[in-house]
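In: Coordinates for the following, if possible.
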Amino acid sequence: MLTDNRATIAAMRTSAGQATPAFLQIGELHGGDFGLRTHEEQEASLRTFAGDTISIRYVESFFGKALARALLRDAGLADDAGSPPALVKHRDFWQLCLRNINMSGDEGHGCTPRPIAKSTWQMIFSAVNQMDTLSDGLRQFAELVPAVCAGMAVTVGYGRNGVHLNYMVEPSAVAPSEVARLERYVELIALVFHCVLLWVTDHQLEPVQIRLSANLDEADGSLLSGLSASTARQGRGVTIVYDRDDMDLPLGVRKYQHWSNETKAFEDLCLTARPVRARDGLSPVVAKVRDLIATRTLTLQEVAPMLGMSIATLQRRLREAGTSFRMVSRDVRCEKLLSLLATDIHFDDVAEELGLSERRSLWRTCQEWLGVSPSEYRRNQRSANAARAVSA
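Out: Next up, the predicted model:
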């Protein structure tokens with residue numbers, strides 16, 4: 001059962017503590033490229049989370065151009081002429097956040113409709129750690145977030161591929177020019193809370209899948225890159241999918257007492273090499289599986305002998321490629337869904353093409369995969385196409 005949050009919410013709304021926020025006290029981290037490791041059918045790039053980067057455009061959108069350049073200059077990340085770098089490492093971005101929070105006292109970094117007082121997020125994370133299990137903690141977090149950050153809501157959903165922690169953005173809460181900034185702040189909070197969970201469970205939680213916002217440019221990178229081998233940009237906001245088997249993990253294994261706890265979790269995350277999908281193409285085994293299931297519904301048990309492999313061997317090859325049969329199958333179906341929604345085909349026909357029993361199943365699938373209803377996705381795509389046509 002969830003605790004009564006009225007007192008906690010009231011305290012968070014009036015909080016004005018002076019401690020440095022947990023997700024900003026990063027300190028000196030170390031990371032870099034781990035080079036290449038050869039698999040039987042794939043060379044998968046392994047790199048540390050800290051080695052990932054975001055673009056200068058991402059940083060300037062987050063802080064505002066003038067403040068971003070001042071922070072970069074003060075941190076020694078600009079060149080002698082004061083020009084900013086083209087790319088900024090995750091670890092350096094966190095240092096910029098630390099400098100900014102110490103100057104402004106706003107945990108919202110100016111990205112949120114209203115300032116967020118220092119120690120506010122700490123109170124939420126402490127409340128989460130008082131819950132019994134990870135499942136309870138996710139629901140507690142979802143209940144508390146709206147009291148802290150206007151324009152952001154969190155929900156917990158249960159899909160076929162795992163438990164979905166959905167971070168949703170309400171564009172009407174900010175000016176149109178500030179929506180992208182709020183989207184990036186949502187990425188930061190999603191990363192922060194993931195680090196909190198790593199600490200309080202003392203377990204290496206690995207997201208099954210991550211959905212990033214399609215409203216942000218892939219070329220700018222993401223603070224969540226490297227957390228999962230399966231990442232896609234669809235809809236608005238962020239979704240982190242956790243393994244159902246992890247939901248009974250106990251919370252409070254380690255006490256959430258001070259900022260160094262979360263800092264340590266982030267450091268460990270930065271120093272852990274993670275497989276990511278090759279960006280220059282699919283591995284041969286993934287490509288073969290995709291070809292087989294593109295036009296008909298096949299199970300793992302049916303595909304394995306078609307490729308001359310045992311089920312165990314196919315599972316191992318896919319795992320080495322940073323994916324699974326379930327993820328590949330889902331990706332193929334999602335691509336088909338996007339293709340169908342790009343047309344004027346009736347939603348009942350879309351459901352039938354995907355092998356769904358009825359329109360309600362299509363709505364549930366779209367909410368799970370895209371974060372929006374099929375009608376909203378189609379409407380957003382048409383608006384985006386119209387805007388591109390005008391600007392062309």
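In: Return the residues in contact with Ile189.
Out: Ile189 sits next to Phe23, Trp121, Cys149, Met152, Tyr167 when contact means Cβ atoms under 8 Å, 6 or more residues apart in numbering. For glycine as for every other residue, the C-beta is placed from the backbone atoms N, C-alpha and C.
In: State the distance from the second one to Met309.
Out: The reference is to Trp121. Distance of Trp121 to Met309, given as Cβ to Cβ, to the nearest Å: 47 Å.
In: Likewise for Arg244?
Out: 27 Å.
In: With Gly237 instead?
Out: From Gly237 to Met309 the distance is 38 Å (Cβ to Cβ).
In: ok, those two, which is more surrounded?
Out: The neighbour count for Gly237 versus Met309, taken as other Cβ atoms under 10 Å, is higher for Gly237 (25 against 16).
In: Can you give me every residue that contacts the more buried one?
Out: Contacts of Gly237 were listed using Cβ under 8 Å, 6+ apart, and they are Asn166, Tyr167, Met168, Val169, Glu183, Val186, Ser213, Gly371.
In: Could you report the neighbour count for Leu251?
Out: So Leu251, with other Cβ under 10 Å, has 22 neighbours.
In: need the contact list for it.
Out: Val128, Asn129, Gln130, Met131, Asp132, Thr133, Leu134, Asp136, Gly137, Val200, Thr201.
In: Looking at those residues, which are in helices?
Out: For these, the ones inside helices are Val128, Asn129, Leu134, Asp136, Gly137, Val200, Thr201, with DSSP state H as the criterion.
In: Same list, those, but as TSV with distance to Gln315 and neighbour count please.
Out: Below are the ones in helices among the contacts of Leu251 laid out as TSV (distance: Cβ to Cβ, whole Å; neighbours: other Cβ atoms under 10 Å):
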residue	distance to Gln315	neighbour count
Val128	34	25
Asn129	35	22
Leu134	26	23
Asp136	32	19
Gly137	31	27
Val200	31	27
Thr201	26	21
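In: mind giving me TSV with the residues you listed and columns for distance to Gly159 and pLDDT?
Out: Output for the ones in helices among the contacts of Leu251, formatted as TSV (distance: Cβ to Cβ, whole Å; pLDDT from 0 to 100):
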residue	distance to Gly159	pLDDT
Val128	22	96
Asn129	26	95
Leu134	16	96
Asp136	19	96
Gly137	19	97
Val200	24	94
Thr201	21	94
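In: Looking at those residues, which is nearest Arg114?
Out: Val128 (22.0 Å; Cβ to Cβ).
In: For Phe125, see how far away the nearest residue in space to that closest one that is not next to it in sequence is.
Out: Computed as Cβ to Cβ, 6 or more residues apart in numbering, the closest residue to Val128 that is not its neighbour in sequence is Gly137, at 4.5 Å. Here the criterion is Cβ to Cβ. By it, Gly137 lies 10 Å from Phe125.
In: Now the common contact residues for the two.
Out: Val200.
In: Enumerate every residue touching Thr155.
Out: If you count contacts by Cβ under 8 Å, 6+ apart, Thr155 has them with Ala142, His164, Asn166, Met168.
In: again, but for Leu224
Out: Taking Cβ under 8 Å, 6+ apart, one finds Glu187, Ala190, Leu191, Ile210, Leu212, Thr231, Val238, Ile240 in contact with Leu224.
In: three-state assignment of it?
Out: Judged by DSSP: H, G, I helix; E, B strand; the rest coil, the three-state class of Leu224 is coil.
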